[in-house]
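Participant: no letters, just coordinates:
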């Protein structure tokens, strides 16, 4: 028989090999992400006395990796050894990947160390280290890979750094402490000629955002010649996660002009920005876009819609979206419970929590944060303490600092400061800045200087650059007429070079956001606004004459005096909106007592409803009364 006939015969045997048919079925299941079905099929294959080969195992190990099944991965590893498939680089890289995704990086390293490795195995282990947040070992392995590439001692093993190598490394840079390594890797990308590789540049954008370097992320984005959906989503998500909500909306508009179609990830980032800004008009446009693109039933987007409408002041629409959602997960319930909580509807929030439990949805730690916060905003102290115990005793959930900060706030607002201090000292986890900050905020309400100084001592150790705490202590000293204390805080701020922009408020009118700072005179209607404000203040004084002894100092007095921004925003809205229409104002700081009283009285004078969102909650003002019942 000739050589050609032998090859044809071997090819025919391969085509008719029953193992090949099994492998084809495994490949199809893997492509369709039916990983459990793939493992079941393999069991049937073995039981049917058909022998796996090197082409069988990569599909099975991929299934183990996605399902995170370490025991099954070990069993398949034994089959690999028994069949002699281990030298195959694809099988070995699949083994390395499976062990890494099953959180067994030491096992992955053992497979790697057994014999010389080609590029695919290096990439698999580097990716595995990054996946397990072990950037140090990933970088060490990269250096080893570079040495082997440069030495080229073993001609039978081809080692070359490629785009996959750098993608795996860059993806491991996920915190500010990784910035130096990330910048070095960026340099490697340029040096090795991958600066124009779209996947690499997308990963660099994401890396800089994760490291908190927003401007560097934008610089990489601006230099890109080609951008795809992943690029735009990286920018939108990155800006949203770093609190740059206005940039999110700018990039979203750029994306639409570029002609790239959005996906659910895009819209999630935009809805998050709308929620932070209170940009309900744009949020409504996003909802229409969801319907147009066929994403209307996406549960993640519907949850984001509930949150957006709640935080934009439209709780009615938030409830409509929630009630019409077919799938209500614990995230859905958390969104609507949290929405009612920040609007001061504590009783409704607790009713919703009970309904959630009745529907069979098991509560998690996040929903308990919303429940406890709702109790705090509504002054439901005893109910909040009951749910705190319920969380621990019935559901076995260990409270974290975020839960303790809610309970400290709950006790503190009720004037039970000593209990709050005792609770902090009994915590099983280390109290963070938010816990001590909640106690400091309670001291402002009850004018307790002694406990405030204790709380401040701890909170500035944990968050030394958070200017809000310095301002809060200064206000407490102001209430106590403690000039020496005020000066100490000012000196401390000066020594630490702490500065903050003055308070601002804004209203959305005819699709445009009108922004006002304290004492702002830059608005085109500034003269009319101040004239309106003078008239309102004169009317307020007739109803409620000022009491000099009870004048409140707000956070803004330490960082910029003048007419408070929310007053300017309300005067502008009264000048430009129709009579009877509710006015929604967004503010970056906590509303002060003076402005709170002013808005209450103005709501009665002009017979309008005002909804004001400050740094902590919503206030609904109508007919001289606020929904918070002066408890905030």
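Facilitator: Looks like it arrived, so ask away. These figures come from a predicted structure and were not determined experimentally. Residues are numbered from 1 along each chain as shown.
Participant: residues of the helix or strand hosting residue 202 that come out buried?
Facilitator: Residue 202 belongs to helix 198-210 when elements are defined using DSSP states H and E. In terms of neighbour count (16 or more other C-beta atoms under 10 Å), helix 198-210 has its buried residues at 200-210. Heads up, the C-betas are built off the backbone N, CA and C, glycines and all.
Participant: residue 535: which of these is nearest?
Facilitator: residue 209 (47.4 Å; C-beta to C-beta).
Participant: with adjacent residues omitted, what lies nearest to the closest one?
Facilitator: In space, residue 209 comes closest to residue 238 once its chain neighbours are excluded; the distance is 3.0 Å by C-beta to C-beta, 6 or more residues apart in numbering.
Participant: following the helix or strand where the one you found lies, which helix or strand shows up next?
Facilitator: When secondary structure is defined by DSSP H and E, residue 238 falls within helix 229-241. Using DSSP H and E, the helix or strand that directly follows helix 229-241 along the chain is helix 245-258.
Participant: which parts of that next one are buried?
Facilitator: Across helix 245-258, burial judged by 16+ other C-beta under 10 Å covers 245, 247-249, 251-252, 255.
Participant: which regions of the stretch 501-632 of the chain sit below the pLDDT cut-off?
Facilitator: Scanning the stretch 501-632 of the chain for pLDDT under 70 picks out 501, 546-562, 631-632.
Participant: helices along that one, start to end?
Facilitator: When assigned using DSSP state H, counting those that start in this stretch, the helices of the stretch 501-632 of the chain occupy the ranges 526-543, 565-576, 593-605.
Participant: between these, which gets nearest to residue 78?
Facilitator: Closest among the helices of the stretch 501-632 of the chain, using C-beta to C-beta: helix 565-576, at 68.5 Å.
Participant: show me what the closest one is packed against.
Facilitator: Packing partners of helix 565-576 (3 or more C-beta pairs under 8 Å, 6 or more residues apart in numbering; DSSP states H and E): strand 504-509, strand 512-517, helix 526-543, strand 583-587, helix 593-605.
Participant: list the strands paired with the fourth one, with their directions.
Facilitator: Spelled out, that is strand 583-587. Here strand 583-587 is paired, per DSSP bridges, with strand 504-509 (antiparallel), strand 610-613 (parallel).
Participant: could you dump the ones you listed into JSON lines with mean neighbour count and distance to residue 317 added?
Facilitator: Below are the strands paired with strand 583-587 laid out as JSON lines (neighbours: other C-beta atoms under 10 Å; distance: least, C-beta to C-beta, whole Å):
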{"stretch": "strand 504-509", "mean neighbour count": "21", "distance to residue 317": "15"}
{"stretch": "strand 610-613", "mean neighbour count": "22", "distance to residue 317": "13"}
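Participant: for the ones you listed, which one sits closest to residue 360?
Facilitator: Nearest to residue 360, of the strands paired with strand 583-587 and by C-beta to C-beta, is strand 610-613 at 33.3 Å.
Participant: next, the buried residues of stretch 386-401.
Facilitator: Within stretch 386-401, judged by 16+ other C-beta under 10 Å, the buried ones are 387-388, 390-391, 397, 399, 401.
Participant: among these, which two are most distant?
Facilitator: 390 and 401 (19.0 Å).
Participant: which segments of this structure make up each domain?
Facilitator: According to automatic domain parsing, the chain comprises the domains 1-26+35-45, 227-327, 420-500, 504-626.
Participant: so which residue is smack in the middle of this structure?
Facilitator: residue 241 (5.5 Å; C-alpha atoms, centre = their mean).
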